[in-house]
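Q: What follows is a predicted structure for the sequence shown.
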Amino acid sequence: MAIKVEHELHARRKGRNIGVFLLLAGFIAIVFGLTVVKVLQLGEASQFEKFDHVARPQIVPEEEVTQ
C-alpha cells in the first residue's frame, strides 16, 4: 500500500519552488529579450566584432590604416 499523505510542509515547499521557478524563468526571459533586441538593432552580424573592446586590424576599414 502506498502512503499518499501530503504534509502541509510539502505544500509550502511546492509553493516556494513554483515561486523560484517563476523568478528564474522571468530572469531568463529578460536576458533573452535584451539579447534579441541588441541583435536586431545591430542589423548585420559583422557589427558583433566591433563591440568586444579589442583592437583587431582585420575590421578596420582600409582608408583608416596608416602606413
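A: It's in.
Q: mind listing the helices in this protein by residue range?
A: Taking DSSP state H as the criterion, the chain carries its helices at 8-42.
Q: low-scoring stretches of it, by residue?
A: Residue ranges of the chain with pLDDT under 70: 1-2, 42-56, 59-60, 63-67.
Q: One more pass at 80, please.
A: Residue ranges of the chain with pLDDT under 80: 1-6, 39, 41-67.
Q: What count of nearby residues applies to residue 19?
A: Residues contacting residue 19 under the criterion other C-beta atoms under 10 Å number 10. Backbone N, C-alpha and C define where each C-beta goes, glycine included.
Q: cool, and residue 25?
A: Neighbours of residue 25 under the rule other C-beta under 10 Å: 10.
Q: Next: residue 26.
A: Neighbours of residue 26 under the rule other C-beta under 10 Å: 10.
Q: now swap in residue 39 and tell me
A: Residues near residue 39, counting by other C-beta under 10 Å: 12.
Q: Kindly report the same for residue 36.
A: A count of neighbours around residue 36, defined by other C-beta under 10 Å, yields 10.
Q: need the contact list for it.
A: By C-beta atoms under 8 Å, 6 or more residues apart in numbering, the contact set of residue 36 is empty.
Q: I'd like the distance between it and residue 27.
A: When distance is defined by C-beta to C-beta, to the nearest Å, residue 36 is 15 Å away from residue 27.
Q: What distance do you get for residue 36 to residue 24?
A: Going from residue 36 to residue 24 by C-beta to C-beta gives 19 Å.
Q: let me redo that: residue 4
A: Distance, residue 4 to residue 24, by C-beta to C-beta: 29 Å.
Q: neighbour-wise, which of the two wins?
A: residue 24 (10 against 5).
Q: Return the residues in contact with that one.
A: Per C-beta under 8 Å, 6+ apart, neighbours of residue 24: none.
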